[in-house]
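Q: here you go, sequence then predicted model.
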Amino acid sequence: MEDSEYESVLCVKPEVHVYRIPPRATNRGYRAADWQLDQPSWSGRLRITAKGQMAYIKLEDKTSGELFAQAPVEQFPSIAVESVTDSSRYFVVRIEDGSGRRAFIGVGFADRGDAFDFNVALQGHFRWVKQQCEFARQAQNPASAPKLDLSFKEGQTIKLNIANMKKKEGSAGNAKSRPSSGAGMSLLPPPPPGGKVSAQPHPIGEHLPVGVAQAQPAVAPSAEATLPWPQLNPTTAATADVWGDFAKASGSTSGQMQPSSNWVQF
């Protein structure tokens, strides 16, 4: 991956201290307690910049911004930046000058949060570098990129609960086909009173009992308007079968009603 032409700023801390450190005595690491922490060799501002894959730790003057020292970092964690074993606020940084000379110095922060931001800025940059390298490798060799396999493996099965599906469909169909309780219902008329005939004359046009309406002879409308209603004999009204003659009339083959003795002849 080619280096970018511009330089980005990852982190800026306005106060940092630089210490001269003694050579490492053992392989256990550096200890900040061995430094003269109350007598820093230099104090100023720290900036972390990035250009391409490289990160740079720059120590600058607070006022003028003049560069005091610079530490190029190719990867993190590495020998270029190391943490001490007895504190989280101090680091050992390997600085370089223009001629290629290197030296190790101690860098400390007055606030623990500044030290945390310094650490996170370096970690985030090199995490991004790793992702960019991975994307470039996949672009050059697409066959090496992992593919998502959604096929069934040997012995792998899938279970469908069809019974519950049928029940749900059946219940939905019944709910649609079931009519409402009050829709589509008609009230039947009450049956006629059994064996009771009113003695009062009925005006033309009113509803008559079913049997009587079927047994009336066909008369011209002009005549019906003046004819009185036939009266029954009071002595025989209680014992006579009022509907018997009409039953005989319904079976006539000629289609004409036979006259009864209880009716007035016209």
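A: Nice, I can see it.

Q: count the residues that sit near Ile48.
A: 21 (other Cβ atoms under 10 Å). Yep, even glycine has a C-beta here, placed from its N, CA and C like the rest.

Q: which SSE is it in?
A: In the assignment (DSSP states H and E), Ile48 maps to strand 42-51.

Q: can I get that strand in CSV, CA atoms only?
A: The C-alpha trace of strand 42-51 is given here as CSV (Å, rounded to 0.1, in the frame of the first residue of the first chain):
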residue,chain,number,x,y,z
TRP,A,42,11.9,18.6,29.2
SER,A,43,8.2,19.5,29.2
GLY,A,44,6.1,20.4,26.2
ARG,A,45,3.3,19.3,23.9
LEU,A,46,2.8,15.8,22.3
ARG,A,47,1.2,15.1,19.0
ILE,A,48,0.5,11.8,17.2
THR,A,49,0.3,12.0,13.5
ALA,A,50,-0.2,9.4,10.7
LYS,A,51,1.1,9.3,7.2
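
Q: sheet partners, orientation included, of that strand?
A: Sheet partners assigned to strand 42-51 using DSSP bridges are listed as strand 8-19 (antiparallel), strand 54-60 (antiparallel).

Q: name the residues that touch the longest one?
A: Meaning strand 8-19. Here strand 8-19 makes contact (Cβ atoms under 8 Å, 6 or more residues apart in numbering) with 35-37, 40-51, 55, 59, 62, 68-69, 105-110, 114, 117-118, 121-122, 124-125.

Q: then the last one?
A: Residues external to strand 54-60 that are found in contact with it (Cβ under 8 Å, 6+ apart): 3, 10, 16, 18, 42, 44-50, 66-74, 76, 81, 93, 95, 107, 122, 125-126.

Q: of the residues you listed, buried ones?
A: 10, 16, 18, 44-50, 69-71, 73, 76, 81, 93, 95, 107, 122, 125-126 (16 or more other Cβ atoms under 10 Å).

Q: my guess is Phe118 contacts Arg47, does it?
A: No: using Cβ atoms under 8 Å, Phe118 is not in contact with Arg47, being 10.5 Å away.

Q: report the buried residues of stretch 89-97.
A: By 16+ other Cβ under 10 Å, the buried positions in stretch 89-97 come out as Arg89, Tyr90, Phe91, Val92, Val93, Arg94, Ile95.

Q: same question, stretch 76-87
A: So, applying 16+ other Cβ under 10 Å, buried residues of stretch 76-87: Phe76, Ala80, Val81, Glu82, Ser83, Val84, Ser87.

Q: now, among the residues you listed, which is nearest to Leu160?
A: Phe76 (52.5 Å; Cβ to Cβ).

Q: okay, now the unreliable bits of the stretch 1-150 of the chain?
A: 1-5, 142-148 (pLDDT under 70).

Q: which parts of it are helices?
A: 112-140 (DSSP state H, counting those that start in this stretch).

Q: what sits against the residue nearest to Glu60 when sequence neighbours are not counted?
A: Leaving aside its chain neighbours, Glu60 sits nearest to Arg45 (5.0 Å; criterion: Cβ to Cβ, 6 or more residues apart in numbering). Neighbour list for Arg45: Val12, Lys13, Pro14, Glu15, Val16, Leu59, Glu60, Asp61, Lys62, Gly65 [criterion: Cβ under 8 Å, 6+ apart].

Q: report the buried members of those.
A: Among the contacts of Arg45, those classed as buried by 16+ other Cβ under 10 Å are Lys13, Val16, Leu59, Glu60.

Q: just the closest of those residues to Lys159, please.
A: Set against Lys159, the nearest of the buried ones among the contacts of Arg45 by Cβ to Cβ is Lys13 (59.3 Å).

Q: Lys58 versus Val16, what's the distance?
A: According to Cβ to Cβ, to the nearest Å, Val16 stands 11 Å off from Lys58.

Q: try Ala71
A: In terms of Cβ to Cβ, Ala71 sits 8 Å off from Lys58.

Q: and what of Phe68?
A: Counting by Cβ to Cβ - Phe68 and Lys58 are separated by 8 Å.

Q: and what of Ile95?
A: 10 Å.

Q: hey, what's in contact with both of these two?
A: Ala69, Gln70, Ala71.
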